[in-house]
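>>> Predicted model follows, preceded by the sequence.
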Amino acid sequence: MATNKEKDKENGKGHLAMNTPPIVSPQQWEAARQKLLVKEKAFTRSRDTLAAERRRMPWQAVDKKYEFDGPKGKASLLDLFAGRRQLIVYRAFFEPGVFGWPERACRGCSLGADQVAHLAHLNARDTTLAYASRAPQADIARLKARMGWMMPWYTITDSFDTDFGVDEWHGHNAFIRDGDKVFRTYFVNGRGDEAMGSTWSYLDITPLGRQETWEDSPPGYPRPRRTSGGTGTTTTTPRPHPTRSGSRCPTPVKPPSKSPTQR
């Protein structure tokens, strides 16, 4: 059997001279980890502070009536909420002119779509995630089926992409509704999109946040949920929602009586 060095030689790969860190004892390694952990915790607190500031951003009223094509026909921006209070719309590039059309969507957008977490956890926090492109619904349905993507995906038919800063680049827009009134609350694109995909990263850009008891939110904001941060228990019961394999989410067990320790 060929050794790793022989395989590297066969594949034309050489070993680059790397200026590696020092090799230390377990005690020295743990001391270095603890030192870095102080900075990591400070970073986590800073991220929480930024999210709290987002929740206090002013809202922009959306008065224009936008229309999308969906799997069930015409849909308004209000329809995209699917009855929930919050909405995140990601503008994905899948349309004529995009590299790989019509078989493939934008490579970066596809990478992001592969990272989207189970939607039931967003839905349980009164939040809907939707994708929007200019591709016809038949092409979107075909792409979703081939890739195993579950998020609702609509066709842009008007100036929505131009009006919300995603006509030439991808990005996430966050919205909230008060009855039939819709407001834009946040926008992130470029490098900011790299972190998106997890339930927490999505909720951190919404006006209501993670809706956890420990969050710094304005008075009156919903805080009905408490997660364990490690045991898998939670007060949230996600709505039944099919996974890629067609299974269903189990009902979480009863949460602990004490608040979890936050890192």
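Now that the structure is in, tell me what you want to look at.

>>> ranges for the helices of the stretch 1-150 of the chain?
For the stretch 1-150 of the chain, the helices defined by DSSP state H, counting those that start in this stretch occupy 4-10, 26-54, 77-80, 107-114, 119-123, 137-147.

>>> Please report how far the nearest residue to Asn189 once chain neighbours are set aside lies from Leu208.
Nearest non-adjacent residue to Asn189, counting by CB to CB, 6 or more residues apart in numbering: Gly171, 3.1 Å away. Every C-beta, even on glycine, is put in place using the N, C-alpha and C of the backbone. Separation of Gly171 from Leu208 (CB to CB, to the nearest Å): 20 Å.

>>> Tell me the span between the first and last residue of stretch 73-93.
By CA to CA, to the nearest Å, the extent of stretch 73-93 from end to end equals 21 Å.

>>> what pLDDT, on average, does it get?
In this model, stretch 73-93 carries a mean pLDDT of 98.

>>> Can you give me the buried ones in it?
In terms of neighbour count (16 or more other CB atoms under 10 Å), stretch 73-93 has its buried residues at 75, 77-81, 84-93.

>>> follow-up on the earlier one: so the residue nearest to Asn189 touches Gly165, yeah?
Yes - the pair Gly171 / Gly165 is scored as a contact, 6.0 Å apart, by CB atoms under 8 Å.

>>> quick one on the thing from earlier: of the helices of the stretch 1-150 of the chain, give the one that comes closest to Tyr154.
In terms of CB to CB, the element of those nearest to Tyr154 is helix 77-80, at 6.6 Å.

>>> From Gly108, how far out is the spatially closest residue to Asp204 that is not a sequence neighbour?
For Asp204, ignoring the flanking residues on the chain, the nearest one in space by CB to CB, 6+ apart is Ala51 at 4.4 Å. Ala51 sits 24 Å away from Gly108, going by CB to CB.

>>> which residues are contacting stretch 54-74?
Residues from elsewhere that reach stretch 54-74 (CB atoms under 8 Å, 6 or more residues apart in numbering): 75-77, 79-80, 132, 136-137, 141, 152, 154-160, 163, 175-176, 181-186, 204-205, 207-209, 217-218, 221.

>>> Return the distance of that stretch from the chain's centre.
Put simply, stretch 54-74 sits 18 Å off its chain's centre (CA atoms, centre = their mean, to the nearest Å).

>>> coming back round to it: so which of the helices of the stretch 1-150 of the chain comes closest to Thr213?
Nearest of those to Thr213, taken as CB to CB: helix 26-54 at 13.3 Å.

>>> and the contacts of stretch 54-74, which of them are in helices?
Members of those lying in helices (criterion: DSSP state H): 77, 79-80, 137, 141, 160, 163.

>>> quick one on the thing from earlier: just so I know, which of the helices of the stretch 1-150 of the chain lies nearest Met196?
Short answer: helix 107-114, nearest of the helices of the stretch 1-150 of the chain by CB to CB, at 6.5 Å.
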